[in-house]
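J.: I need the structure of the sequence given here:
(one chain, ligands or ions: 1)
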Amino acid sequence: MSTQPRLSMRDVAEMANVSIGTVSNVVNNPARVLPATRERVLEAIRTLGWTPNQQAQALRAGRSRTIGLAVMDVANPFFADLLRGAQARLEEEGYGATIGDADNRPAREEAVLRSFRDQRVRGVILGPIAALPREVEALHKARIPTVLVDRAEGGDACTVGVDDVAGGRIAAEHLISQGHRSLAFVGGPTTLAQVRDRREGAEQAAEAAEANLLAVSVPSLDFTSGRSAAEHITMLPVDERPTGIFCANDLIAIGMLQGLVAAGLRVPQDVALVGYDDIDFAAAATVPLSSVAQPRRELGRSAAELLIQELADIDGGLEHQHRTITYTPSLVVRASSARV
Ligand code: RIB
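T.: Numbers count the residues shown, from 1 in each chain. Predicted coordinates for the structure are as follows:
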């Protein structure tokens, strides 16, 4: 039985009349190849039916084609959407992805990153819980670049985030514009820069409007925290109870909504409510929730794009300049904060 000679990258290069390096770039870093050249090479690959044995290729090159994605809480729809955006962009470049959930626990986050290092992933995208884990330094020493997401400040890494001070400010300004002068900010843990920034923005808006802002700290960014904060707020004397509440994320706001309604209060008639993230559940809430929207999939895509560029610079022996991308959040107004 005659066997077809094993096709190689050289055969593709000869058919497309390019160098082997160009074929390698089309497979590994297509963004570095002119579109016309890239299409000519892809046509040759299709015509010959050649498939790059990526794992063998990666092993020969001594490196993986897998990216590690680690986030604070994979059960939170904010991070699920962010992961989807990152994964979609990585797949366009032929990278695989392995996902690690920190489950809101720094020790777990360290273990996830250590596991990525042991797997020799090609790079890491990290949505850190709070302070940068020590393991990020170990990844750096192992020449595994890490891009930070959901953080505003850069440090020694590419970073993608949202201007959370602006986000907090537009949430409080909206409640003030609806006539509220007794506000509350519900958020935590304060170890999170994102939470501190959102509270800072709300405090700026309240001070500018000479409105009161009650800060209610909660241990976590989840539904249970919203419910417990609602119990605290609804037990306040009526004349001390805020009439406009801004929650640090939508899960807290949905828990708050349920707690307010369970206490017999009407939203927005008795208390107006604004969340943060604009996850799909915000619009689907019993009283559709106003929320400060974060571009969740774009955050993921941008983090992946920055990592792809950093890896291309490393592969090309080019000096890499870390970049910081900061998105401006926008307010989505729904029934929970309508003027009554
Ligand atoms: O909902 C999860 C929250 O944690 C988001 O607001 C995100 O910014 C992170 O801080």
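J.: Settle this for me: Arg301 is touching Ala88, isn't it.
T.: Yes - Arg301 lies in contact with Ala88 (C-beta atoms under 8 Å); the separation is 6.8 Å. Every C-beta, even on glycine, is put in place using the N, C-alpha and C of the backbone.
J.: more neighbours, these two?
T.: Between Arg301 and Ala88, counting by other C-beta atoms under 10 Å, Arg301 is the more crowded of the two (21 against 14).
J.: quick one, phi/psi of that one?
T.: phi -60, psi -40 (degrees, to the nearest 10).
J.: right, and Val12 touches Arg46 too?
T.: No - counting by C-beta under 8 Å, Val12 does not reach Arg46; the two are 10.0 Å apart.
J.: When those two are compared, which one has more neighbours?
T.: More neighbours surround Val12 than the other of Val12 and Arg46, with 25 against 9 (other C-beta under 10 Å).
J.: what sits up against whatever helix or strand the more buried one lives in?
T.: In this structure, Val12 is located in helix 9-16 according to DSSP states H and E. Residues from elsewhere that reach helix 9-16, judged by C-beta atoms under 8 Å, 6 or more residues apart in numbering: 19-20, 22-24, 37, 40-41, 43-45, 47-48, 50, 52.
J.: Alpha carbons only: can I get it in CSV?
T.: Only the C-alpha atoms of helix 9-16 are listed here, as CSV (Å, rounded to 0.1, in the frame of the first residue of the first chain):
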residue,chain,number,x,y,z
MET,A,9,5.7,23.1,6.5
ARG,A,10,8.3,23.2,3.7
ASP,A,11,5.7,21.8,1.2
VAL,A,12,3.3,24.6,2.2
ALA,A,13,6.1,27.2,1.9
GLU,A,14,7.0,26.1,-1.6
MET,A,15,3.4,26.1,-2.8
ALA,A,16,2.7,29.5,-1.3
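J.: and that helix, which residues are buried?
T.: Using 16 or more other C-beta atoms under 10 Å as the test for burial, helix 9-16 gives 9, 11-13, 15-16.
J.: quick one on the thing from earlier: and the buried ones among the contacts of helix 9-16, selectable in ChimeraX?
T.: For the buried members of the contacts of helix 9-16, the matching ChimeraX selection, counting by 16+ other C-beta under 10 Å, is:
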select :22,23,24,40,41,44,45,50,52
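J.: Just to be sure, which of the contacts of helix 9-16 are found in helices?
T.: Those of the contacts of helix 9-16 mapping onto helices are 20, 22-24, 37, 40-41, 43-45, 47-48, per DSSP state H.
J.: Closest one to the ligand out of these, please.
T.: Comparing those against the ligand with C-beta to the nearest ligand atom places Ser24 closest, at 37.7 Å.
J.: how near is the closest residue to that closest one other than its chain neighbours to Glu43?
T.: Distance criterion C-beta to C-beta, 6 or more residues apart in numbering; nearest residue to Ser24, sequence neighbours excluded, is Met9 at 6.7 Å. Met9 sits 15 Å away from Glu43, taking C-beta to C-beta, to the nearest Å as the criterion.
J.: In which helix or strand does the residue nearest the centre of the chain reside?
T.: Nearest to the geometric centre of the chain sits Leu82, at 4.3 Å (C-alpha atoms, centre = their mean). Leu82 belongs to helix 77-92 when assigned by DSSP H and E.
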